[in-house]
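>>> Predicted coordinates and the sequence they were generated for:
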Protein chains: 2
Amino acid sequence: MASFCYSRNVKIILRKINDHILLKGCHRNVSEVSNAWDRVPLKDVQRFIEECMVKVGTSPKHAKYLATNLVAADYRGHYSHGLNRLDMYVKDIETGTTCNDKEPSIVKESVATALVDGNNTLGPVTGNFSMNVAIDKAKNVGIGWVVAKGSNHYGIAGFYAMEASKQGLLGMSFTNTSPLSVPTRAVKPTLGTNPISLAAPARKDSFVLDMATTTAALGKIELHDRKGINIPNSWGVDSRGKECNDPKPVLESGGLMPLGGSELTGGYKGYGLAMLVEIFCGILSGSTYGPNIRKWRNTTTVANIGQCFVAINPDAFAPGFEDRMSDLINTCRSLQPAEGEDKVLVAGDPETQHMSNCDKIGGIPYHPNQIQFGIDLAKKLGVMEMNVIKNS
Amino acid sequence: MASFCYSRNVKIILRKINDHILLKGCHRNVSEVSNAWDRVPLKDVQRFIEECMVKVGTSPKHAKYLATNLVAADYRGHYSHGLNRLDMYVKDIETGTTCNDKEPSIVKESVATALVDGNNTLGPVTGNFSMNVAIDKAKNVGIGWVVAKGSNHYGIAGFYAMEASKQGLLGMSFTNTSPLSVPTRAVKPTLGTNPISLAAPARKDSFVLDMATTTAALGKIELHDRKGINIPNSWGVDSRGKECNDPKPVLESGGLMPLGGSELTGGYKGYGLAMLVEIFCGILSGSTYGPNIRKWRNTTTVANIGQCFVAINPDAFAPGFEDRMSDLINTCRSLQPAEGEDKVLVAGDPETQHMSNCDKIGGIPYHPNQIQFGIDLAKKLGVMEMNVIKNS
């Protein structure tokens, strides 16, 4: 009963946090942050997540992988994939839906490829293992293409791509997810938000694309509903598969639209890209796929999600990759902005701005409800609270 | 002078053909075809293109590569990339802008990667060479990732991807193109339509995604302008970078919008995908890239386009790939269609329907102006006319 009450409270708190995070919209997926928020030093968020996970039975090594991933998400401004989801991972381990006593293993491999079985470990455990295999292969033969079955939610896709770009390689990562997106001309959610990520190193700089293949995230539609305002075109369909500006029917019996929106505005391309991701993840790996994946927010059945990790060594191709990368992204950044626009950005720039802000203020700014969630969880698990620095 | 008149006539004829091809819209990029059109057997289109190219100095081998690619485009219903473009390739060879006496070569390679120099050969020559290298590597070590510089327009991207899928492999192909697309928040066309293609084999079936990373093709906007009708949202911007429903300012001083359209409807993702393609093509290969690529319709300077070709061997991963592929695509095809929709499709289905129709009627149906273009070109070059089967 205590557990039930806790969960219900957490649910309400998380909903409030979500509302606030999404309040001003999420241009380029990075959330708007209030300067009035208190902050927590990165190291202490990391420590807190690790301790919570270890307390429920996760090995310190696995807890560290998870914490590193969630902290990276918050640091980059993707609050929906950070501390906000700790509750889910805690529950996954507490209930035994995710294993805490196994390690991922290589099922089959060549010099350039591998099939990994995540053995139902935490997503970031399978993800780190698989990406490291890809990176090693790319260093040896120019490319590593690794697919994993038996995985779980792995946080932000960009994290794994960036593990490669930090080492001077191009990195890519893809994951299938619970069915939320309605294929063009259909009425039923059949594919996931299936993200695509590419990180490419430039001179003291980088390009980091990390995008769902749907137009918008589910959370953004939920927020519009709670605020009682319409959603833009291209975001969602109702139960008849019709593009819809009222968020209610989208949430109740419809689904997300693929990137591009309607068929007339190219939605079949977003649908095709979601299939591409599913082919790289579920179909290549032999995990669950498409409509067979457990529904979103179902944490009682094993996920057996499929993922794909690619590393490419630019040294295997034309010399001067990073110079050309810098030239391309700086060319884009220097473009004349349209009337009313501040600056032309490239993928990864909003995240860089968010990280600079965190560095400047000495930590990650969190919404008060998120801070309260941390305090409650610390009490519940008997873990030291996060070191909150008050906004002065 | 004769040459000038010929070119002007051809231009007018091609414009008329283009109008007709696009007349009823291009759902999923496949053109609407009239059952009243006369048809030409595939073999004879192939023969005709080969003879025209050889007549202006192309080697029979190169002419065959080009013809096979253009015939595949028309057969699949992508008329914009078939016989319709023969004039451009003829001119490229006639003027010496593209080489007819060289072969592509491998500059650098590993067991899984290669950098190819197309040596300014016809796009399909570089494309076939590179894709074959990728396929060989995928058969040996599970994957082949090949990038090419010094290439030219290579026809439909899907052609190369399908070369791999015909052999039971997954195939991908990407190319950079002339700057036509305006990055999110910018005002100037900076990136190309940069297509992404993935072909994956299923049981006696396949998935073939072949999509530009812009919402719409330039030709579709030109057609709306000539018909005096507005374009949908998400297609184009004016010279101030503002989304625009009047096709005129888009064509005169604006540009194409990335897939997704405006920032609010996810256009920054299409912009990110166009960058991804540019990174795989121009940046990895060291060819020209982004705004440095020669303008569309400029055929007087060497293109030095960059392309990327990937083959992946599903045997390197979980057994049963084709079974799962068939299950996924048949699941999508069996989905209940939305009201007013005939059937849910997967990428490649419209093309399969077009090919079936060609087989049924004994050839590729061509618009009368396209047939006339063939007759004129045959006369000009002294080549035997195409064998046109009258519609009875």
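Arrived safely, thanks for sending. Keep in mind it's a predicted model, so treat the numbers as computed, not measured. Numbers count the residues shown, from 1 in each chain, chains lettered A, B, ... in the order given.
>>> in the stretch 201-350 of chain A, which spans are helices?
A:218-227, A:247-253, A:267-278, A:284-285, A:321-333, A:349-361 (DSSP state H, counting those that start in this stretch).
>>> Including mean neighbour count, mean pLDDT and distance to residue A:339, could those helices go into CSV?
(Each C-beta comes from the backbone N, C-alpha and C, glycine too.) Formatted as CSV, the helices of the stretch 201-350 of chain A follow (neighbours: other Cβ atoms under 10 Å in any protein chain shown; pLDDT from 0 to 100; distance: least, Cβ to Cβ, whole Å):
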stretch, mean neighbour count, mean pLDDT, distance to residue A:339
helix A:218-227, 19, 85, 26
helix A:247-253, 18, 95, 30
helix A:267-278, 28, 98, 28
helix A:284-285, 29, 98, 45
helix A:321-333, 20, 98, 18
helix A:349-361, 16, 96, 20
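>>> Mind putting the ones you listed into a markdown table with distance to residue A:96?
Formatted as a markdown table, the helices of the stretch 201-350 of chain A follow (distance: least, Cβ to Cβ, whole Å):
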| stretch | distance to residue A:96 |
| --- | --- |
| helix A:218-227 | 27 |
| helix A:247-253 | 31 |
| helix A:267-278 | 28 |
| helix A:284-285 | 23 |
| helix A:321-333 | 45 |
| helix A:349-361 | 34 |
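>>> Next, format the ones you listed as CSV and append distance to chain B.
Formatted as CSV, those follow (distance: least, Cβ to the nearest Cβ, whole Å):
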stretch, distance to chain B
helix A:218-227, 11
helix A:247-253, 13
helix A:267-278, 4
helix A:284-285, 5
helix A:321-333, 5
helix A:349-361, 9
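>>> now check stretch A:111-127, is it near chain B?
Yes: using Cβ under 8 Å from any Cβ of the partner chain, stretch A:111-127 reaches chain B at A:111, A:112, A:113, A:115.
>>> Mark which of these are buried, thanks.
For those, a burial check counting by 16 or more other Cβ atoms under 10 Å in any protein chain shown picks out A:111, A:112, A:113, A:115.
>>> Take these and keep only those in strands.
Among these, the members found in strands (DSSP state E) are A:113, A:115.
>>> Looking at the helices of the stretch 201-350 of chain A, which is nearest to residue B:148?
Proximity to residue B:148 (Cβ to Cβ) singles out helix A:321-333 among the helices of the stretch 201-350 of chain A, at 15.4 Å.
>>> Could you name the helices and strands sitting against the closest one?
strand A:196-202, strand A:205-211, helix B:267-278 (3 or more Cβ pairs under 8 Å, 6 or more residues apart in numbering or on different chains; DSSP states H and E).
>>> just checking, what packs against the first one?
Using 3+ Cβ pairs under 8 Å, 6+ apart as the contact criterion, the elements in contact with strand A:196-202 are helix A:157-165, strand A:170-175, strand A:205-211, helix A:267-278, helix A:321-333, helix B:267-278.
>>> try 7 Å
helix A:157-165, strand A:170-175, strand A:205-211, helix A:321-333 (3 or more Cβ pairs under 7 Å, 6 or more residues apart in numbering or on different chains; DSSP states H and E).
>>> one step back: right, and the helices and strands packed on helix A:321-333 - which one's nearest residue A:238?
Per Cβ to Cβ, nearest to residue A:238 of the helices and strands packed on helix A:321-333: helix B:267-278, 23.3 Å.
>>> Please write out the alpha-carbon positions of the closest one in CSV.
Written as CSV, here are the backbone C-alpha positions of helix B:267-278 (Å, rounded to 0.1, in the frame of the first residue of the first chain):
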residue,chain,number,x,y,z
GLY,B,267,11.5,20.8,-40.3
TYR,B,268,14.7,20.9,-38.3
LYS,B,269,14.7,17.1,-38.5
GLY,B,270,14.6,17.1,-42.3
TYR,B,271,17.4,19.7,-42.2
GLY,B,272,19.3,17.4,-39.9
LEU,B,273,18.8,14.4,-42.2
ALA,B,274,20.0,16.4,-45.2
MET,B,275,23.2,17.2,-43.2
LEU,B,276,23.5,13.4,-42.4
VAL,B,277,23.4,12.7,-46.1
GLU,B,278,26.0,15.4,-46.8
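>>> Specify the angle between that helix and strand B:205-211 in degrees.
When axes from the mean of the first three to the mean of the last three Cα atoms, to 10 degrees is applied, the directions of helix B:267-278 and strand B:205-211 differ by 100 degrees.
>>> wait, doesn't residue A:175 sit right on residue A:154?
Yes: with contact defined as Cβ atoms under 7 Å, residue A:175 and residue A:154 form a contacting pair (6.0 Å).
>>> intersection of neighbour lists for the two?
residue A:307 (Cβ atoms under 7 Å, 6 or more residues apart in numbering or on different chains).
>>> Look at these two and report which has more neighbours.
residue A:175 (31 against 28; other Cβ atoms under 10 Å in any protein chain shown).
>>> hey, what's the closest residue to that one other than its chain neighbours bridged with?
Ranked by Cβ to Cβ, 6 or more residues apart in numbering or on different chains and with sequence neighbours excluded, the top spatial neighbour of residue A:175 is residue A:307, at 4.5 Å. Partner residues in beta bridges with residue A:307, using DSSP bridges, are residue A:148, residue A:175.
>>> tally of neighbours for residue A:307?
If we define neighbours as other Cβ under 10 Å, then residue A:307 has 31 of them.
>>> Okay, it and residue A:284: tell me how far apart.
10 Å (Cβ to Cβ, to the nearest Å).
>>> what does residue A:322 give?
From residue A:322 across to residue A:284, the span is 30 Å (Cβ to Cβ).
>>> how about the residue positioned nearest the centre of chain A, what does it touch?
Closest residue to the average C-alpha location of chain A: residue A:156 at 2.5 Å, with Cα atoms, centre = their mean. Residue A:156 makes contacts with A:72, A:73, A:78, A:81, A:210, as judged by Cβ under 7 Å, 6+ apart.
>>> mind running it again at 8 Å?
A:69, A:72, A:73, A:76, A:78, A:81, A:197, A:210 (Cβ atoms under 8 Å, 6 or more residues apart in numbering or on different chains).
>>> which of these lies closest to residue A:56?
residue A:69 (17.1 Å).
>>> Without its sequence neighbours, what residue ends up closest to residue A:319?
residue B:286 (7.5 Å).
>>> That neighbour touches residue A:325, doesn't it?
No: Residue B:286 sits out of contact with residue A:325 when judged by Cβ atoms under 8 Å, with a separation of 11.8 Å.
>>> rewinding a little: can you pull the contacts of the residue nearest to residue A:175?
Residue A:307 makes contacts with A:118, A:123, A:126-127, A:130, A:147-148, A:151, A:154, A:173-176, A:281, A:285, as judged by Cβ under 8 Å, 6+ apart.
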